[in-house]
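Engineer: quick one, fold the following:
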Amino acid sequence: MIQPLVITLFWLSAVASVLAQPKSPRPPLELTVAIVSQSYCAMTADSSSLEMRLKLRYRNLGTQKLILYKGHDLFYQTKIRSAPGNPFGPYEVWVLNSRYFDEEIERIDRTAPGKVFLTLAPGAVYERDIMIGVGLVAGKENRGDSSINAGDHALSLTVSTWYQSRAMAQKLRQEWQKKGLLWADPLVSAPVRFVAQRPKLLAPCKSNN
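Structural biologist: Below you'll find the predicted structure:
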């Protein structure tokens, strides 16, 4: 069984490698993000929680079929940057979200892609929704490293597409090459703008206990 910490370190290493690479021609798999909804609840008199439902769209821009893992063992790193003119000044907030289970329901290492994979034909699109959350505080001095202030912002996602080892990805890529190219690199979306604004009337956040 692969431990969550090992997977997290592997994924963060892969993300760092992708971000450190020099700019190259557009990759064949494109990720775009749209904000479907925003909802707020009150944590304290001066702070609230902002939840956003995001729609992720994976589009095959290439000329060959792409095999994409669609299971639940994925990580999402959200970067929120204050927009120019934000009265609280420039800042960035990074939030790591994960959908991790101890073991995938279906075995990954097979002679052909199973139900936890999909095949994207050239030009095809795959969509999925996720929820992300971030704190919203009233004053600049209360923001800390994991909350934002009210105002205009830009949001972008770095999304994992693989949770097993790089060696496993290379093995399956060779075995499945007649069915398509297995995609295993993280994807980074272009920024999307949004406005954070705490409503005047706000219900308390529900406790998970």
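
Engineer: skipping adjacent residues, who's closest to the most centrally placed residue in the chain in space?
Structural biologist: For the chain, residue 76 is the residue whose C-alpha lies nearest the centre (CA atoms, centre = their mean; 2.9 Å). Leaving out its chain neighbours, the residue that sits closest to residue 76 by CB to CB, 6 or more residues apart in numbering is residue 97, at 4.5 Å. Quick note: C-beta positions are derived from backbone N, CA and C, even for glycine.

Engineer: just to revisit the earlier point, what does the pLDDT read for the residue nearest to the centre of the chain?
Structural biologist: Here, the pLDDT recorded for residue 76 equals 88.

Engineer: C-alpha coordinates for the helix or strand encompassing it, PDB please?
Structural biologist: Using DSSP states H and E, residue 76 sits in strand 74-82. C-alpha atoms of strand 74-82 as PDB (Å, rounded to 0.1, in the frame of the first residue of the first chain):
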ATOM      1  CA  LEU A  74      -5.600  12.900  -7.200                       C
ATOM      2  CA  PHE A  75      -4.200  16.200  -5.800                       C
ATOM      3  CA  TYR A  76      -5.200  19.700  -6.700                       C
ATOM      4  CA  GLN A  77      -3.000  22.700  -5.800                       C
ATOM      5  CA  THR A  78      -4.900  26.000  -5.900                       C
ATOM      6  CA  LYS A  79      -3.100  29.300  -6.400                       C
ATOM      7  CA  ILE A  80      -5.000  32.400  -5.600                       C
ATOM      8  CA  ARG A  81      -3.400  35.800  -6.400                       C
ATOM      9  CA  SER A  82      -4.800  39.200  -5.600                       C
END
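
Engineer: give the bridge partners for residue 187, please.
Structural biologist: For residue 187, the beta-bridge partners are residue 159 (DSSP bridges).

Engineer: what sits against residue 180?
Structural biologist: 64-67, 119-120 (CB atoms under 8 Å, 6 or more residues apart in numbering).
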